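[1] prediction below, plus the sequence it came from.
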Amino acid sequence: MTRTVDWLHDAVELIDQTRLPQDEVVLRIDDVPTLVDAIQRLAVRGAPALGVTGGYGVVLAADAHDPVDDPERFQALVRTIREARPTAVNLGRGVDLALAAATSGRDAILAAAHALRDDEVEASWSMGILGADLVTDLVGRPATAMTICNTGGLACVERGTALAVIQELHERDQLIEALPLETRPLLQGGRLTTWELARMGAPHRLLVDAAAASVLARGLADVVLVGADRIARDGCTANKIGTLALALAAQYAGIPFVVVAPESTVDPDTATGAAIAIEDRAGDEVTAVRGIQIADPATRVLNPAFDVTPPELITAIVTDRRVVRIGRGDRLDTVAVGDRRAPAAPSRTVAN
Ligand code: MRU
């Protein structure tokens, strides 16, 4: 299996991201409650991957309750998928895209989910190309790129968002090194991004989150590249907790801060950053690390999983169809959504 999430032999197949980097385990899921549990415990995670998983989840819901004969139970099951996590707009969007096909039957839902999967793969390639072009323009020489969380193929089916840009830079010999942050508390950067960077053969050094500001202030990185889970109409972008701190530090250091996310993450229904729902997660994610207690078990915890970065701190937003140079006065509503960029020599095939 090369895709993070796929549909094979009447079930969803996912790489279990909670088991990486130690074990490469593929989960085969053929019922909605198990899928919802996989989403909530981050066995599958990252905005575009959540969207595709949501689409396939609607197929599982239709297999459990016929959308035409038993619409109430079908819709109730679909709601549990939609509400599994609140921040990434892609989850609800993926569910809605698949749901729109429900009156045409289960195979139409599956076709819609496949189309979304293929669309996200194409989007990742385009973001990598547009983002690498931008970094080359901003930096003017090979770059050291800092990043947070995991934004690679694991978060997106294939290739990724911010990490797709890093991969493209590496493939163009324009990457000096990547500096991924560990990303407490669940260590997506430490566990998943290092695994992906190692597999692509890209030079990298892992940083603890608290080192980011100092490393930027010392001029040891040329650009910060991050993903997004939802982009509001006002240009605010939600991403993994710690991203706002990184943006503030990048601005202080005078280093470009670039958000990379597909158009599927731009949410026309969310007017402002303040309206983005921020997921609060369980306290034991903070008080224990991989099962080992590191704080008094009775410690009360505040564990927001995401934060919101305002456009004033963002140099540019790169999607699969446009580059919005906020630092030059562009806004989301002043830059038209154009065509995707494709790799010069396509090196992959997408088969159902
Ligand atoms: O809680 P997670 O691991 O799902 O958070 C993911 C992120 O914050 C990513 O940066 C985001 O989804 C954008 S990249 C695909």
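    On my side now, so go ahead.
[2] from here on, just use CA atoms for contacts and neighbour counts.
    Fine.
[3] would you map the strands across the stretch 51-200 of the chain?
    For the stretch 51-200 of the chain, the strands defined by DSSP state E, counting those that start in this stretch cover 143-147, 175-180.
[4] of those strands, which is nearest residue 309?
    Ranking those by proximity to residue 309 (CA to CA) places strand 143-147 first, at 14.6 Å.
[5] can you list the strands that the closest one pairs with?
    strand 175-180 (parallel), strand 223-226 (parallel) (DSSP bridges).
[6] just give me the longest helix of this structure.
    helix 106-139 (DSSP state H).
[7] figure out which of the strands of the stretch 51-200 of the chain is closest to the ligand.
    Nearest to the ligand, of all the strands of the stretch 51-200 of the chain, is strand 143-147, at 9.1 Å by CA to the nearest ligand atom.
[8] what lies in contact with the closest one?
    Strand 143-147 is contacted by residues 135-136, 162-163, 166, 174-181, 220-226 when judged by CA atoms under 8 Å, 6 or more residues apart in numbering.
[9] what stretches of the stretch 201-350 of the chain score poorly on pLDDT?
    Within the stretch 201-350 of the chain, the ranges that satisfy pLDDT under 70 run 345-350.
[10] contact residues of it facing the ligand?
    Counting by CA under 6 Å from any ligand atom, the stretch 201-350 of the chain comes close to the ligand at 227, 228, 229, 239, 240.
[11] OK, contacts around the last one?
    By CA under 8 Å, 6+ apart, the contact set of residue 240 is 148, 149, 228, 305, 306, 307.
[12] which of those residues lies closest to residue 22?
    residue 149 (17.9 Å).
[13] neighbours around the closest residue in space to that closest one that isn't next to it in sequence, how many?
    The shortest distance from residue 149 to any non-neighbouring residue, by CA to CA, 6 or more residues apart in numbering, is to residue 189 (4.5 Å). As a burial measure, residue 189 scores 25 neighbours (other CA atoms under 10 Å).
[14] for residue 144, same thing?
    21.
[15] mark which of the contacts of strand 143-147 are buried, thanks.
    Burial by neighbour count, 16 or more other CA atoms under 10 Å: within the contacts of strand 143-147 this picks out 135, 162-163, 166, 174-181, 221-226.
[16] hmm, stretch 113-124 in reach of the ligand?
    No. Using CA under 6 Å from any ligand atom, stretch 113-124 stays clear of the ligand, with a minimum separation of 9.5 Å.
[17] run the chain-centre distance for that stretch.
    14 Å (CA atoms, centre = their mean, to the nearest Å).
[18] mean confidence score for it?
    Stretch 113-124 comes out with an average pLDDT of 97.
[19] return the set of buried residues in that stretch.
    113, 114, 115, 116, 117, 118, 120, 121, 122, 123, 124.
[20] ok, so of those, who is nearest the ligand?
    residue 124 (9.5 Å).
[21] contact partners for that closest one?
    Per CA under 8 Å, 6+ apart, neighbours of residue 124: 156, 158, 159, 160, 161, 164, 262, 320.
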